[in-house]
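Chemist: build me a model from this:
(chains A and B)
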Amino acid sequence: MGRMTHVLTALAWPYANGPRHIGHVAGFGVPADVFARYMRMRGHQVLMVSGTDEHGTPILVQADAEGLTAGEAASKYNRIIVEDLDALGLSYDLFTRTTTGNHYKTVQDLFTTLYDNGYILEKKTPGAISPSTGRTLPDRYIEGTCPHCAFTSARGDQCDNCGRQLDPTDLIDPKSRINGETPKFVEEDHFFLDLPAFADALNAWLDTRTGWRTNVVRFTKNLLEDLQPRPISRDLDWGVPIPLPGWAERPDKRLYVWFDAVIGYLSASIEWARRSGDAEAWRRWWSDPEAVSYYFMGKDNIVFHSEIWPAMLLGNNGEGTAGGEPGSLGRLELPTEVVSSEFLTMEGRQFSSSRRVVIYVRDFLERYSADALRYYICAAGPETQDSDFTWTEFMRRNNDELVAGWGNLVNRSVAMAAKNFGRIPEAGELEEIDRELLTATREAFDTVGELIGANKIRAAIGETMKTVAAANKYLADTVPWKLKEDPKRQGTVLHTVLQAVNDLKTIMSPFLPHSSQRVYELLGGEGVFAPMPRIEEVDDLDGGGAIEGTYPILTGDYSQTPKWESTPIRSGTPLEKPVPIFTKLDPSIVDEEIERLNS
RNA sequence: GGCGGUGUAGCUCAGUGGUAGAGCAAACGACUCAUAAUCGUUGUGUCGCCGGUUCGAUCCCGGCCAUCGCUACCA
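Modeler: Numbering: from 1, shown residues only, chains lettered A, B, ... in the order given. This next block holds a predicted model:
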């Protein structure tokens, strides 16, 4: 990817049935933002999109629990999620929602094309519905006695006691977990996506993919060995209506939430384009074979991104066994890479809102800085295997690495120069040791950049921290605080280390944009260095969706993004005694936080 | 049951067909510009167990044990 190109950065859609926890943003939010920011700095045209996923049964359940309508509950959590992602500094071009009129229309357009091309089957299927509401009752919302082990709280999909997979009709005395009533098992008419029609095309596509994480490739190959038609409609009154005569009017039939949610990548791109004033601009990321697309998600979402969404795109293009023609959206490109992370656990346990093993993004950011969280996720996140978040480790990484390593380097360099010169001193003739440091920081642009481009974020920030250590060592070796008798040499050393700091803040900026902005300002920079998203309150463009009133989107102007390259500092720039950019944490926070978890 | 991950120094993890590394913790030293922050020196490991391939395996293959996750109507 040497020359400028269009890079779609697609992030998994957070489900709007509650606030999101740090595991969610560790899985897709921060890694994708690092990637997107870096790609912009390399001069690529990045489009970073996502939104909240707002349909489906869990939203209805949450809404009922709070005495809200589904729309009200979705709007409530949409807003919370938007604010949290904004606070983290995730640089979305558009973060929207699946309840917009634009999304409904896009979903229906794609459904229609798939239908017209012959990739949607209609057939009867057994299912459970709630007699009082007429809504589909997902298997996991049915509980009863396990026929194998007599466990009385077995779920319709699986018995938590003996671990056996179940069919809800196997359960003895089945009850709805939502309201206790006995579910009605019925034959329902539903639509299915004909996945087997894409088996060959999907395998051929997968064979051309390179650079994917091995776990994703293996998992996907496995999936493709056994493709079955997958239902894409439900008996629900909350979702996108099915755009067919005799179906669109029915209040009890909707498209299945996963079907509409994955189309969000496309609808959000279209919404972004329309809001940008060039309604066709999205095609540069979707219809150009030279464009690339990276999808970021947790491992539980691989199936949708490496199997189902590509299948839907192939169907749109008429590239399955039934043939067909691209529909109203034109031909659409399949994902370049599916970048899946593993899971973050919490003090050894899986995150679980219901069991209150959880740290919400909001709570975290009330007490600690966004960059402290971003650093932890970058350095120790679940990139290729599950990783465990512990407060002890968070504190250690924050204090020993972020504060004592990078923060202290910035602070001591700027403080020394400010005290001795009051400005960035001039560099005299460079010695070997000076040139070595400057070479190391310049080379870090290449090594770190290559790692970010390959989505090896842990290694990338580790490489950056090695360069930070080299700069600290440089100060230990050159001892500028002892050079008061030789101001020329002292100025040269301080100039050199400040140059290194200046470049390091550029390299750090995809990972730690907030603090890089502050280092930029410490060194006399004005205006925006690391651009941040902003929340805008907007009207739905179309109506026809489920949104009432305005809604918040996350967007931003990232056109002033700095270049990924060494930039010379200017001698003579005034410097003041710096305020530390990071906060050292007291060990007592560990007990406090664990106490909070247990309370 | 099926699929997959993991098992390497006290801790967290990286890594390679030629008998192993980083950070932290520990000890000692240097330094004092800096949020007591930095820099240097010093250990330790039958690289889960058993077998196979190989001149040689921690890294390849098979089996086993332990542990974790996924298993599609769940978003």
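Chemist: close to RNA strand B: what parts of the stretch 451-599 of chain A are there?
Modeler: A:469, A:472-473, A:475-477, A:479, A:481-482, A:580-584 (C-beta under 7 Å from any atom of the strand). For glycine as for every other residue, the C-beta is placed from the backbone atoms N, C-alpha and C.
Chemist: quick one, what contacts A:F198?
Modeler: Residues in contact with A:F198 (C-beta atoms under 8 Å, 6 or more residues apart in numbering) are A:119, A:227, A:310-311, A:314-315, A:319-321.
Chemist: do A:R435 as well
Modeler: A:R435 neighbours (C-beta under 8 Å, 6+ apart): none.
Chemist: what's the answer for A:E565, then?
Modeler: So A:E565 contacts A:445, A:506 (C-beta under 8 Å, 6+ apart).
Chemist: what helix or strand is A:F219 on?
Modeler: Following DSSP states H and E, one finds A:F219 within helix A:214-225.
Chemist: do that helix and RNA strand B meet?
Modeler: Yes. Judged by C-beta under 7 Å from any atom of the strand, helix A:214-225 comes into contact with RNA strand B at A:215, A:218-219, A:222-223.
Chemist: and the contacts of the next helix or strand after that helix?
Modeler: Reading on from helix A:214-225 to the C-terminus, the next helix or strand found by DSSP H and E is strand A:230-231. Contact with strand A:230-231 is made by A:125, A:190-193, A:195, A:256, A:308, as judged by C-beta under 8 Å, 6+ apart.
Chemist: tally of neighbours for the residue of chain A found nearest RNA strand B?
Modeler: Residue of chain A nearest RNA strand B, by C-beta to the nearest atom of the strand: A:P138 (1.8 Å). Counted with other C-beta atoms under 10 Å, the burial measure for A:P138 works out to 20 neighbours.
Chemist: phi, psi for it please.
Modeler: phi -60, psi 150 (degrees, to the nearest 10).
Chemist: excluding chain neighbours, what is closest to it?
Modeler: A:T57 (5.4 Å; C-beta to C-beta, 6 or more residues apart in numbering).
Chemist: so where's chain A shaky on pLDDT?
Modeler: In the predicted model, chain A carries pLDDT under 70 at residues A:1-3, A:149, A:158-166.
Chemist: switch the cut-off to 80
Modeler: By pLDDT under 80, the low-scoring segments of chain A are A:1-4, A:125-127, A:133-141, A:146-171, A:177-179, A:214-215, A:347-350, A:352-357, A:597-599.
Chemist: re the thing from before, buried ones in the helix holding A:F219?
Modeler: Buried residues in helix A:214-225, counting neighbours by 16 or more other C-beta atoms under 10 Å, are found at A:216-217, A:219-220, A:223-224.
Chemist: run the chain-centre distance for that helix.
Modeler: Once both centres are worked out by C-alpha atoms, centre = their mean, to the nearest Å, helix A:214-225 turns out to sit 21 Å from its chain's centre.
Chemist: neighbouring contacts of it?
Modeler: If you take C-beta under 8 Å, 6+ apart as the criterion, helix A:214-225 is touched by A:199, A:202-203, A:206, A:209, A:299, A:302-303, A:306-307, A:338-340, A:342, A:384.
Chemist: by neighbours, which of those residues wins?
Modeler: The contacts of helix A:214-225, ranked by neighbours (other C-beta under 10 Å): first place A:S306, 29 neighbours.
Chemist: can you pull the phi/psi pair for that one?
Modeler: Dihedral angles (degrees, to the nearest 10) for A:S306: phi -110, psi -10.
Chemist: what sits closest to it if chain neighbours are left out?
Modeler: A:T220 (4.1 Å).
Chemist: how near is that neighbour to A:P531?
Modeler: With distances taken as C-beta to C-beta, to the nearest Å, A:T220 is found 34 Å from A:P531.
Chemist: what count of nearby residues applies to A:R355?
Modeler: By other C-beta under 10 Å, neighbour count at A:R355 equals 9.
Chemist: scratch that, A:M508
Modeler: Neighbour number of A:M508 under other C-beta under 10 Å is 26.
Chemist: correct me, but it touches A:T467?
Modeler: No. The pair A:M508 and A:T467 does not pass the contact test of C-beta atoms under 8 Å, sitting 9.8 Å apart.
Chemist: could you tell me which residues touch both of those two?
Modeler: What both A:M508 and A:T467 touch, as defined by C-beta under 8 Å, 6+ apart, is an empty set.
Chemist: mind listing what A:G101 touches?
Modeler: By C-beta under 8 Å, 6+ apart, the residues touching A:G101 are A:540-545, A:547.
Chemist: now do A:P196
Modeler: With contact set as C-beta under 8 Å, 6+ apart, A:P196 has these partners: A:227-229.
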